Structure formats: C-alpha cells, structure tokens
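Colleague: Here is a sequence together with a model predicted from it:
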Amino acid sequence: MYWIFIFLFFVFLWQVHRNATYISESLSDYGLKFFLGLVSCIIPTGFLLAKLNQINQPVSWGLCVNLIAFLFYILFKQLANNHHFKVRAGVQSFRRKLAHNWQQQPLLNKWSLGFLFAGVAVTAVINLLISLVTFPNEWDSMTGHLVKCAFYLQNGNMDRLQGTTWTIDFYPNSLPTLQIFFYHVLGEKGFKIIHYLSYWIFALASYGITYKVSKNFTASLFTGLITALLPTALIQATTTETDIVLTAYLGCLVYFMFAFKQKPTPLNLVLISTIAGVWIGHKVTFLLIAPAALVVAVYTVLLKKEFYKNINFFLISFMLSIAIYVLPTGYIGNVKEVGQFRLGSLSAPPIVMKWHGVEDYTTQEKLKNMGLNITRYSSDFFNLDGLRSTNLGKKINDAFRVVPDKFFGNFNIEGDRFTVVSSFSFSHPIRFYIERPYWGIISFGMVLPVLILLLYRSVRYYRTLETIEKSMLVLAAAATLHFLSLCYSAPYDPIKARYFLNMAVWCMPLLASFHLLTAKKGWQFWGVFCSFLITVSAICSILFTRIHPVFEDKNIFNMTRLEQLTLARPDIYEAYKKFDDLVPKNAVVALGTQQEHEDFEYPLWGEDFTRRLIPIHPFRSRLKPIPAEAQYLFYSKGVLPYEEGDIALGQGDTHHDTPVEESTFFLRKLNTETTNTPKP
C-alpha cells in the first residue's frame with residue numbers, strides 16, 4: 001500500500017506543478033504558487049479524512065489530495081489565461097539576470113553578495129544534513145505538537161483527546177494535517193518537511209515582495225539572501241515549531257496582495273482569499289498580525305477600484321476559504337470547551353490565558369506591561385544573535401552590549417514584573433537565545449537605519465515621495481504595528497523571539513532601500529561588514545544549537561533516536577530507555593504523566609509508533625479510571641501513589657538544569673482482565 005501512496009504522491013506533485021505553471025509568470029511566482037497548491041490541497045484532505053477515521057491511511061490521502069488538486073485546476077481554467085510558464089525557461093532567465101546584474105555591481109557590492117551567497121550555500125547544506133540525520137526533539141513537540149500527531153495517527157481521527165498538556169486539545173489542527181501527510185511520505189522525519197519548506201518559501205516571498213515593490217533584481221536578491229540567513233529562521237527550519245509555517249503563509253499573503261496592486265485580477269483575489277484562509281486557520285496569533293496586514297491590504301487591495309468591481313466574487317471566495325480552512329481547525333471546539341467567547345478562548349483554556357495573556361489585566365496593567373515589553377524586546381534585538389552562541393561570540397557580544405546595557409538600564413526593566421517562563425535580565429541566566437535567537441546585526445545594523453532614513457524622508461520630502469518609498473513606508477508602518485501588538489498582547493516571554501519572525505515579512509523588503517543606498521562608498525563598506533557578520537552568525541546559529549549538537553562527544557551523528565528525543569531533558573533518558581526495554585512495542589499503556597512538569601509523551605510510542613497510549617490525567621482535571629484494555633501504567637511521581645511492585649524507571653531531576661522540574665517515573669504491569677481505578 002505504501003508504494004501505491006508514493007505513486008499517488010508523485011501524481012499529486014505533478015498536478016500541483018501543472019496548476020502552478022498554468023497561473024505563474026516567473027520562477028519566484030511559480031515557487032510561491034506551488035507551495036500554496038500543496039498546502040491548500042493537503043489541509044482540507046486532513047480535515048475530511050479525520051471525519052472518516054482515515055487519517056492514518058496513506059492511500060486515502062493520496063486519492064483525496066489528487067481530487068482536490070484537480071478541482072483547483074478546473075477553477076484556474078475558468079479564471080486565468082494559460083501562460084504556459086516553463087520552469088526551465090524561468091531558471092535560464094534567472095541565470096541571465098544574475099550574470100548581467102553581477103557584472104553591473106561595484107566591487108564592494110560584489111563582496112557583499114558573495115558573502116551572502118556563500119552563507120546561504122553553507123547553511124543550506126548544514127541544515128539539509130541536520131534534517132536528514134536528526135529526529136524532531138524540541139520541547140513543545142515532545143509535550144504537545146507532535147503528541148497530537150501521534151494520537152491522531154493512533155486513533156485515525158482528530159477528535160478532542162483530553163490530553164495531559166493543554167496544547168494537545170487547543171492548538172489548531174491545520175498544521176498536523178501537513179505533518180501527518182509528510183509523515184506518510186518519509187516517516188518520522190517527514191514531520192519536519194513542511195517547516196523546512198516554509199523556511200525557503202519565506203525567503204522566496206521576501207525576494208518576491210521586494211521585487212514587486214522595487215523592480216530591482218539585485219536589491220531583491222540581496223533581500224532574499226539576508227532573509228535566508230536570519231538566525232531565527234535558520235533555527236526553526238529544522239524543528240517542528242509552528243511559527244516558521246505561519247511566516248511562510250504571511251509572506252505569500254503579502255506577495256499576492258502586492259501582485260493584486262500590480263494586476264487587479266479575479267485570479268489574484270482567489271489567491272488572496274485562499275492563502276488568507278490557510279493563514280487564519282493555522283494559529284490564532286494571526287490576530288496579533290491582523291492590524292499590520294490590514295494596513296498593507298488597504299494600500300494594495302482596498303484602494304483599487306477593481307476590487308470593488310469584484311467585491312461579491314471576493315466575498316464568496318473568502319467565505320469559502322474560511323469554511324474550508326478555518327472552521328474545521330478547532331477554534332469552535334475551543335470556545336465550546338471554555339464555555340464563553342473571548343479572543344483567548346480561541347487558543348487556550350482560561351488558566352493558560354491568565355499565565356500568558358493580558359485579558360484579565362486592568363487598563364493600567366496593560367499599559368505598564370506594554371511599556372516594559374517595548375523596552376525589553378528592543379533590548380533583546382540589540383544582540384549579536386547567532387554569533388553569541390559560541391564562547392568567543394559571547395565575549396564579543398558582552399563587549400558590544402556595554403552601551404545598550406547602560407542605555408536600557410535606565411528604564412528599570414529587569415525582574416519578574418509581567419513575565420512568563422523566565423524573568424527579564426541583561427545577563428540572560430537561562431540561555432533561551434541559543435534556540436530562540438532574534439535577528440542579530442540585521443535588526444539594528446540594517447533594518448533600523450533604513451527605518452530612520454525612511455522616517456526622515458517622509459517628513460522632509462512628503463510631497464515628492466516616489467512609489468517605492470510609499471510602499472516602504474506602508475511596510476514600515478505594518479512592522480511598527482506588529483511590534484506594538486506583540487508587546488501589548490502578553491507578558492514578557494524570552495521564548496517569544498520566534499514570534500518576531502513573522503514581523504520580518506514586513507521588515508526584510510525594507511532592505512531594498514539599504515541596497516539602493518550603496519551607491520555611496522560608506523554604505524558599501526558597511527554592507528560588506530554586515531554581510532560578513534550575517535554569514536558568520538548564520539553558520540554559528542545552526543552549528544551551536546543545544547538541540548542539534550554537532551561538536552559534542554555525543555552529537556547528532558552518534559546519538560541514538562531516544563537520546564535525541566530526550567536531549568532537552570537529559571535526566572529522563574534512563575527512565576525512557578528502561579521503559580522502552582521493558583514494554584513491548586505493541587503494548588497498550590495508560591499515561592499518568594504530569595502536566596505541571598510538562599512530561600515528554602512523544603517518545604513513549606516507540607520508534608515505529610506501534611504502542612497505543614491512553615492519557616488518564618487530563619489538563620487540570622481529575623484522574624480518569626485506568627482503561628480495562630491497558631496492559632501497563634506509566635506514571636509520574638505525584639500523579640499516582642506508589643504501589644508495591646511498581647518499577648522505578650529513573651532517579652528524577654538530579655541536575656536541575658531545565659526550567660521546570662523533571663519528573664520521577666514509574667511503571668506498573670496491569671492485570672488486563674479487570675478495570676483498574678487509580679487512587680489519587
């Protein structure tokens with residue numbers, strides 16, 4: 001059956017390719033529309049198969065995605081002129097443009113582009129290698145994101161699970177459809193395909209948006225290369241975090257909005273509607289981006305008279321997109337479970353929103369939180385991220401931080417006021433920045449000078465601004481709104497650095513202005529310096545992460561799968577190894593794991609996902625009876641009392657080197673002929 005699915009998979013890829021070539025005009029345009037074709041077919045397939053209890057059947061996936069791809073082909077035939085775009089011709093055209101523009105560049109610009117090209121080539125090879133040899137192992141995936149996928153594969157559907165961790169039930173189901181589809185293609189490592197692909201689409205969208213705005217090939221290439229070297233993007237490319245995918249969707253949305261500004265056709269309206277539905281259904285944090293997106297939408301779409309000529313068509317296509325990509329993703333179920341409609345209840349239970357949200361803050365508290373966050377996050381951006389992941393880079397960054405520390409220290413921002421996970425500190429006692437970096441010198445060395453220059457020109461020459469400058473100002477306004485939205489919406493959280501990746505969609509195209517300024521020698525030299533540092537920082541970002549160790553004695557090339565899965569919580573390895581040795585691969589196991597400690601559940605399914613796991617300790621709920629079919633009970637200390645005969649699997653938290661306590665685990669062999677009721 002697997003080979004039948006693989007055949008259907010390649011037919012699906014051909015169909016998406018055919019659809020994309022039918023509506024594309026350039027190579028970058030083709031790449032973005034190919035990506036949209038993939039996700040827009042796979043996501044509704046997952047929702048449909050979940051209703052039919054077929055989500056664990058790969059052939060069903062293969063048949064359904066092909067059917068939806070064919071329906072899109074019928075739609076495009078009604079809306080688009082057949083451009084007969086040829087990928088080979090697009091590649092040849094790109095090569096000619098590259099050769100011609102390279103010859104036109106001054107020497108220092110060639111050095112800048114050379115460093116960036118080298119950086120992208122090296123990081124591409126390293127990240128591809130990491131993707132091929134590593135298993136997904138970041139914290140959130142081991143407790144929530146991939147636990148959802150494993151339960152869905154086990155059960156054949158996406159029904160609510162009453163999982164141990166709140167993210168299992170409350171995170172939207174859009175992303176799991178993509179992860180499960182690619183799991184059927186490549187197995188466990190396929191969970192990461194959509195994230196790795198999203199990284200490249202994000203860079204391509206930055207190039208495409210910049211070209212729509214500037215009409216300058218070299219400036220657009222410069223922007224795309226820098227985008228591909230953002231430390232936060234590189235780190236997320238090889239994980240199963242959600243934000244890199246959301247960023248790819250946002251990049252496509254902005255690109256199609258600027259495409260509509262240039263060509264206000266019904267086809268572009270359909271593309272905007274489709275990607276908007278996909279984006280909204282992915283994660284509720286789209287609400288934090290919505291004000292910024294609206295600013296760009298007004299400039300690119302709502303000011304075009306052709307939009308109002310086709311407004312009924314747009315509304316119909318947009319509502320269909322909401323029905324297909326948003327309503328089935330789980331938002332409605334979340335609100336029903338909470339029992340009242342609040343923005344927070346779309347994504348999390350009330351207790352979680354008390355930790356991570358501001359809905360229950362007074363107006364004064366909201367303003368204080370926002371003020372602190374503006375200063376705290378601004379301070380975080382003034383770091384040589386990527387570079388400081390190394391010992392030498394950390395010393396260089398500490399020397400660089402003398403002035404920022406003195407400046408930001410005047411605002412009394414340290415401490416645990418309005419914080420989550422870890423308090424804000426200039427000394428960064430818990431090094432989240434290695435796995436959650438910001439942008440390095442790109443932010444304060446390139447984006448910030450461009451923003452200042454744009455503001456200056458908009459004030460002094462507001463009557464004579466060119467179209468490119470107006471577009472840049474709109475993007476700058478969107479970036480500002482986005483930043484303020486993130487500062488307002490939640491207490492300070494050091495791991496939220498990944499949220500600012502979305503903001504890069506507005507900021508990266510601004511770098512076209514930076515490149516256009518390099519006619520002046522001073523800017524050229526600064527561009528060379530920044531490009532060199534960006535390249536070094538990018539390589540350091542991915543070579544010195546703790547979740548993918550490369551140079552340690554125990555590294556990604558000699559670690560076992562289980563060692564990789566438990567790398568973020570090293571004290572639990574022995575317990576999980578003992579569990580794997582004692583419990584048969586096809587056993588039914590009741591899970592009494594501890595939500596407060598965020599116990600890892602994903603490794604318990606085993607290498608082939610053949611064990612059946614049943615959670616009995618739902619988030620913030622009473623213990624459930626041990627099901628009659630359970631053969632083993634795996635539980636954490638504090639969830640169930642120890643009974644004679646239970647096997648202690650490990651010593652618990654002995655090193656105290658993680659943000660929360662690591663549990664002590666026990667295993668109980670059950671009498672499968674009777675139902676066991678736990679004693680809390």
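Modeller: Looks like it came in fine. Numbering: from 1, shown residues only.
Colleague: residue ranges of the strands in the stretch 351-500 of the chain, please?
Modeller: Counting by DSSP state E, counting those that start in this stretch, no segments of the stretch 351-500 of the chain form strands.
Colleague: for stretch 387-406, how far is the first residue from the last?
Modeller: 21 Å (Cα to Cα, to the nearest Å).
Colleague: What of stretch 650-661?
Modeller: Stretch 650-661: ends 14 Å apart by Cα to Cα.
Colleague: Show me how far it is from its chain's centre.
Modeller: Computed by Cα atoms, centre = their mean, to the nearest Å, the chain-centroid distance of stretch 650-661 equals 28 Å.
Colleague: now do stretch 211-223
Modeller: With Cα atoms, centre = their mean, you get 25 Å for stretch 211-223.
Colleague: again, but for stretch 46-60
Modeller: For stretch 46-60, the distance to the chain centre is 24 Å (Cα atoms, centre = their mean).
Colleague: Quick check: end-to-end length of it?
Modeller: Where stretch 46-60 begins and where it ends lie 10 Å apart, using Cα to Cα.
Colleague: all helices for the stretch 551-680 of the chain, in order.
Modeller: 561-565, 573-582 (DSSP state H, counting those that start in this stretch).
Colleague: List the contacts of I542.
Modeller: Residues in contact with I542 (Cβ atoms under 8 Å, 6 or more residues apart in numbering) are T123, I126, N127, I130, L234, I235, T238, H548. Glycine gets a C-beta too; all of them are placed from N, C-alpha and C.
Colleague: Secondary structure element holding it?
Modeller: helix 521-543 (DSSP states H and E).
Colleague: any chance of the helices of the stretch 551-680 of the chain in JSON lines, plus distance to C507?
Modeller: Below are the helices of the stretch 551-680 of the chain laid out as JSON lines (distance: least, Cβ to Cβ, whole Å):
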{"stretch": "helix 561-565", "distance to C507": "34"}
{"stretch": "helix 573-582", "distance to C507": "40"}
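Colleague: ranking the ones you listed by burial, who's on top?
Modeller: Comparing the helices of the stretch 551-680 of the chain by mean neighbour count (mean count of other Cβ atoms under 10 Å), helix 561-565 comes out on top with a mean of 19.
Colleague: who's in contact with that helix?
Modeller: Contacts of helix 561-565 (Cβ under 8 Å, 6+ apart): 134-135, 137, 142, 554, 556, 573, 576-577, 580, 600, 602-603, 607.
Colleague: switch to 7 Å and redo it
Modeller: T134, F135, N137, M142, K554, Y573, Y576, K577, D580, Y602, P603, E607 (Cβ atoms under 7 Å, 6 or more residues apart in numbering).
Colleague: Let's have the contacts of I542 in a markdown table, adding distance to K86 and secondary structure.
Modeller: Formatted as a markdown table, the contacts of I542 follow (distance: Cβ to Cβ, whole Å; DSSP: H, G, I helix; E, B strand; the rest coil):
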| residue | distance to K86 | secondary structure |
| --- | --- | --- |
| T123 | 30 | helix |
| I126 | 32 | helix |
| N127 | 29 | helix |
| I130 | 33 | helix |
| L234 | 32 | helix |
| I235 | 36 | helix |
| T238 | 32 | coil |
| H548 | 38 | coil |
